[in-house]
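Engineer: starting from these lines, generate the structure:
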Amino acid sequence: MRAKRASLLNQVMHDLPEGFVVDATWLNAVGLSSSSIRDYVQRGWLERAGSRLYRKPDRTGDPVVRWELALLSLQSLLSVAVHVGGMTALELAGYWQYAPMGRRRVWAYSDARYVRSYLARLELDAELELRSRKLFTDDELGIETRTLDLITSTISPTGASGDGVPVAHKHQLRVSSLERAILEVLDEVPGTFSFAHGAELFDGLTTLRPRLATQLLNACTSIKAKRLFLYLADEQKQGWTRKLDRSGIDLGSGKRQIVPGGEYNRAYQITVPRERGSGSAGRTSR
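Structural biologist: Just a heads-up that it's a prediction; the model follows:
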């Protein structure tokens, strides 16, 4: 009996990475009963991170959970469809200079009810903004697996770390590509982000992949986001923008007011700041 318990303890300690947070259902699945979970907590082998949520004891005694570890736990251990996207995906890719000031905000995308319940039970080090994945008709299009470095809070292509030996502070994270992330941001203009902020972000993305961008534009359900994307692509005039296939993109009908009192762009039927493109073709004053 003692050997069996020691074996089970070793398995739990091995399968549960440092800092990851799992629920009682996960612990039940690896062989722990409800009474065993209580025993593990009493003995200090596990600690409660929230109601029916557990992790290995934090060495610092800090009850706060890193947002990255919460989302990694959902993705890799609890097998929930959730990804990091929007502004946060751009930040992780190196576009920190465009991040909003103040307390860290993190954009995650999921339609699983469990995600909101799970996150609400944790004391996180950031404010989580949970959004639906229904912005695209293809839930998985443009979502990539990247290696997240928990020390630098940056992502890199999977397998780029060299010899392939597992490293404790590096984990595989599901995250929006730059092409998907900027559309996720533009969908929140002008509500969450100003036109100027969205345009500044777009201007910094000079190497987007036209084929993937075209696929995402075709799959995007937000008329506003698509019009803004193409308007900004026209303004940017980078090489990749000329390779976009616009023939099948549905831009809907009717006008969209993005900036009150701005200039009206006839080509995309949106209002933009007057100073953004004074004298450019396709605009009339409104």
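Engineer: what ranges do the strands span in the stretch 51-200 of the chain?
Structural biologist: For the stretch 51-200 of the chain, applying DSSP state E, counting those that start in this stretch gives strands covering 53-55, 83-84, 105-109, 127-131, 143-149, 154-157, 170-176.
Engineer: of these, give the one that comes closest to residue 264.
Structural biologist: strand 127-131 (29.1 Å; Cβ to Cβ). Every residue, glycine included, has its C-beta placed from N, CA and C.
Engineer: contact partners for the closest residue to residue 233 other than its chain neighbours?
Structural biologist: Excluding the flanking residues, the one nearest residue 233 by Cβ to Cβ, 6 or more residues apart in numbering is residue 241, at 4.1 Å. For residue 241, the contacting residues are 210, 233-234, by Cβ atoms under 8 Å, 6 or more residues apart in numbering.
Engineer: among the residues you listed, name the ones in helices.
Structural biologist: 210, 233-234 (DSSP state H).
Engineer: okay, the strands of the stretch 51-200 of the chain, which one's buried deepest?
Structural biologist: Greatest average neighbour count among the strands of the stretch 51-200 of the chain goes to strand 83-84 (a mean of 26), per mean count of other Cβ atoms under 10 Å.
Engineer: residue ranges with poor pLDDT in the stretch 1-150 of the chain?
Structural biologist: Scanning the stretch 1-150 of the chain for pLDDT under 70 picks out the ranges 1-4, 98-102.
Engineer: in stretch 220-233, what counts as buried?
Structural biologist: By neighbour count on 16 or more other Cβ atoms under 10 Å, the buried set for stretch 220-233 is 220, 222-233.
Engineer: go ahead and confirm residue 178 touches residue 205.
Structural biologist: Yes. Taking Cβ atoms under 8 Å as the definition, residue 178 is a contact partner of residue 205 at 5.7 Å.
Engineer: compare these two (neighbour count), which wins?
Structural biologist: Between residue 178 and residue 205, residue 178 has the larger neighbour count (other Cβ atoms under 10 Å), namely 23 against 20.
Engineer: quick one: pLDDT of residue 266?
Structural biologist: Residue 266 is assigned a predicted lDDT (pLDDT) of 95.
Engineer: residue 252 versus that one, what's the distance?
Structural biologist: Distance, residue 266 to residue 252, by Cβ to Cβ, to the nearest Å: 15 Å.
Engineer: what of residue 72?
Structural biologist: Distance from residue 72 to residue 252, by Cβ to Cβ: 37 Å.
Engineer: neighbour count winner among those two?
Structural biologist: residue 72 (23 against 11).
Engineer: what sits against that one?
Structural biologist: 20, 148, 171, 173.
Engineer: ok, now with 7 Å
Structural biologist: If a contact means Cβ atoms under 7 Å, 6 or more residues apart in numbering, then residue 72 has 20, 171, 173 as its contacts.
Engineer: equivalent analysis for residue 137, please.
Structural biologist: Residues near residue 137 by Cβ under 7 Å, 6+ apart: 219, 221.
Engineer: check which helices and strands the one helix or strand residue 49 maps to is in contact with.
Structural biologist: Per DSSP states H and E, residue 49 falls inside strand 47-50. When contacts are defined as 3 or more Cβ pairs under 7 Å, 6 or more residues apart in numbering; DSSP states H and E, strand 47-50 sits against strand 53-55.
Engineer: counting by contacts, list what the strand it packs on packs against.
Structural biologist: Using 3+ Cβ pairs under 7 Å, 6+ apart: strand 53-55 touches strand 47-50.
Engineer: tell me, how many neighbours does residue 61 end up with?
Structural biologist: 7.
Engineer: how close does it sit to residue 192?
Structural biologist: For residue 61, the distance to residue 192 - Cβ to Cβ - is 35 Å.
Engineer: any idea what the residue most central in space within the chain is bridged to?
Structural biologist: Closest to where the C-alpha atoms of the chain average out (Cα atoms, centre = their mean) is residue 84, at 1.6 Å. Judged by DSSP bridges, the bridge partners of residue 84 are residue 108, residue 175.
Engineer: mind putting the ones in helices among the contacts of residue 241 in CSV, pLDDT included?
Structural biologist: Listed next are these as CSV, based on pLDDT from 0 to 100:
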residue, pLDDT
210, 98
233, 97
234, 95
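Engineer: touching, residue 104 and residue 126? I think so.
Structural biologist: Yes. Taking Cβ atoms under 7 Å as the definition, residue 104 is a contact partner of residue 126 at 4.0 Å.
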